[in-house]
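Visitor: Got a predicted model here, sequence first, then my questions.
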Amino acid sequence: MTADAPGEGGIYAAYAQPGADGRLHAPSFERNHGPIRDALVARLAGLTGRALEVGSGSGQHIGVWAEALPRLDWTPSDPLARHRASIDAWTQVTGRRVAPARDLDVTGDWSAVADLIPLSLIICLNVIHIAPWRVAECLIGGAGRALGPDGVLVLYGPYIVEGRHTGEGNVAFDARLRAENPEWGLRDTADVAALAREAGFAAPEILPMPSDNRLLIFRRKG
Ligand SMILES: C[S@@+](CC[C@H](N)C(=O)[O-])C[C@H]1O[C@@H](n2cnc3c(N)ncnc32)[C@H](O)[C@@H]1O
């Protein structure tokens, strides 16, 4: 784990305490997994090959995607051992076709996933606003190198859209994040798109999602 990887406390304590098998429950999962799954199926149903989730956290989402998008081979990852234990415990319980979680900190060398490259999809939910900006730089730069020519990068979370907050809840959440760590905070879609452009991606498709979240879909420049 590098200096940019998260600790166990602070906002990560928001996960309900694990049961005996180590499964964590993210409070937002029940609310957001259906709309995220449906948006992904509508856009990525034709994609085949290897899919990597970065910062899988509790690991609840990837099993849903493995069932909805079975033409992709799904691998979760997280730099925190407690989260990897939860991800693998969820896979045990759901029985979905998901590989064991890899120990990937995107600010490191990505050797933990070298055997998966070239990837068809990298997906990352709710990470870059709860991490230093360097994590966004390394994630998007790394995606530019690790995705194949038709590869897709998907980001999800609350965003500032072209300089404007999209709702009061996001204003309060942004303030809470910055109070916990001055290097955290909601990211502007324009800044993220600029990083992606440098990494070889076209302007993203930006989809409004429930609870003032956004799904950003980046494809390679044509
Ligand atoms: C708020 S949680 C989101 C979890 C999950 N994606 C979700 O939306 O429920 C953020 C996750 O990002 C991971 N993370 C933080 N910094 C990271 C880094 N440098 N590289 C990879 N993952 C990181 C954390 O360990 C944590 O599991």
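Guide: Looks like it came in fine.
Visitor: give me the element Arg82 is part of.
Guide: Secondary structure assignment for Arg82, by DSSP states H and E: helix 81-94.
Visitor: And stretch 198-215, what's buried?
Guide: Ala199, Gly200, Phe201, Pro204, Ile206, Leu207, Met209, Asp212, Asn213, Arg214, Leu215 (16 or more other CB atoms under 10 Å). The way it works is simple: take the backbone N, C-alpha and C, and place the C-beta from them, glycine included.
Visitor: ditto for stretch 88-108
Guide: Those buried within stretch 88-108 under the rule 16+ other CB under 10 Å are 88-91, 94, 96, 98-99, 101-102, 104-108.
Visitor: So which bits of the chain are right by the ligand?
Guide: Applying CB under 6 Å from any ligand atom, one finds that the chain approaches the ligand through 4-6, 26, 54-58, 78-80, 83, 104-107, 125-127, 130-131, 135.
Visitor: Mark which of those are part of strands, please.
Guide: Val54, Leu125 (DSSP state E).
Visitor: What is the burial count for the spatially closest residue to Asp103 that is not a sequence neighbour?
Guide: Nearest residue to Asp103, sequence neighbours excluded (CB to CB, 6 or more residues apart in numbering): Ala112, at 5.2 Å. Ala112: 16 surrounding residues under other CB atoms under 10 Å.
Visitor: Hmm, Pro100 and Ala112 touching each other?
Guide: No - using CB atoms under 8 Å, Ala112 makes no contact with Pro100, being 11.2 Å away.
Visitor: hmm, who's touching the helix holding Arg82?
Guide: For helix 81-94, the external contacting residues (CB atoms under 8 Å, 6 or more residues apart in numbering) are 8, 15, 18, 21-24, 56-60, 62-63, 76-78, 98, 100-103.
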